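*Asks:* Test case, fold it:
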Amino acid sequence: MAFWSGKKFLRVAALTVGAVALAVILFFGLRASLFPRPYRETAGDDPLVYAVMKAESGFSESAKSSAGAVGLMQLLPSTAEFICRRNGLKFEPDRLTEGEYNVRLGRLYLAYLSDRFGETETALAAYNAGEGVVSKWLKDAAISPDGKKLAAIPYPETADFVKKVIKFRNFYKFLYH
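*Replies:* Now for the predicted structure:
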């Protein structure tokens, strides 16, 4: 008698289905502890904010780039100052490496860029390359045929950043929504 016949097959199939079901239950039951959402009070439930934090700093408050961007969301002090002025907030440069403060300003900056450019990928390109650079790209028909969306991103680092953030955003959407 073959192994895959009769009662033995049914037992193996039942054990396999049970193991998969248990894995799914454990994953979804433990996902909050396996993948915590730091600074949730400030970041809210926006998967894009978490994706930017992950891509920019790997959730490290002390991260600092060679360009001088700091904190979880890798803000340049000049960008943080601009966002504070724009939103009537007091600019406190010494607090840029504090998680809550950095995420608050980073979230405001993302919202500003999203409003300005109206398209997530374009806003993310501006977050990485600078809004002035992206504004120039949008005026170039070879880069943006419609002047609103980028058909191509000339900076490889920025193109990689946008892809990475979109990938992380989709992961956080799946995980938490």
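*Asks:* Would you check that residue 73 makes contact with residue 56?
*Replies:* Yes. Counting by C-beta atoms under 8 Å, residue 56 is a contact partner of residue 73 at 5.6 Å. Heads up, the C-betas are built off the backbone N, CA and C, glycines and all.
*Asks:* For those two, indicate the residue with more neighbours.
*Replies:* residue 73 (28 against 24; other C-beta atoms under 10 Å).
*Asks:* what about the residue lying closest to the more buried one once chain neighbours are set aside, neighbour count?
*Replies:* Once flanking residues are discounted, residue 73 sits nearest to residue 106: 2.9 Å by C-beta to C-beta, 6 or more residues apart in numbering. For residue 106, the neighbour count with other C-beta under 10 Å is 28.
*Asks:* Quick check: next helix or strand after the helix or strand where residue 106 lies?
*Replies:* Per DSSP states H and E, residue 106 falls inside helix 99-117. Following helix 99-117 in sequence order, the next helix or strand is helix 120-129 (DSSP H and E).
*Asks:* May I have whatever helix or strand comes next after that following helix exported as CSV, CA atoms only?
*Replies:* The helix or strand immediately downstream of helix 120-129 is helix 131-139, counting by DSSP H and E. Extracted as CSV, the C-alpha positions of helix 131-139 are listed here (Å, rounded to 0.1, in the frame of the first residue of the first chain):
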residue,chain,number,x,y,z
GLU,A,131,11.8,69.9,-4.2
GLY,A,132,13.7,72.3,-6.4
VAL,A,133,15.4,69.5,-8.3
VAL,A,134,12.1,67.7,-8.8
SER,A,135,10.4,70.9,-9.9
LYS,A,136,13.1,71.1,-12.7
TRP,A,137,12.5,67.5,-13.6
LEU,A,138,8.8,68.1,-14.0
LYS,A,139,9.5,70.9,-16.5
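*Asks:* on that earlier part again, give the buried residues for the helix holding residue 106.
*Replies:* 99, 101-114, 117 (16 or more other C-beta atoms under 10 Å).
*Asks:* now do stretch 133-152
*Replies:* 134, 137, 138, 143, 144, 150.
*Asks:* Could you do stretch 52-67 as well?
*Replies:* Result for stretch 52-67 [16+ other C-beta under 10 Å]: buried residues 52, 53, 54, 55, 56, 57, 61, 63.
*Asks:* Please name the nearest non-neighbouring residue to residue 95.
*Replies:* residue 101 is the one closest to residue 95 (C-beta to C-beta, 6+ apart), at 4.3 Å.
*Asks:* Would you map out the domains in the protein?
*Replies:* If you go by automatic domain parsing, the domain ranges for the chain are 1-34, 39-176.
*Asks:* Many thanks, we can stop here.
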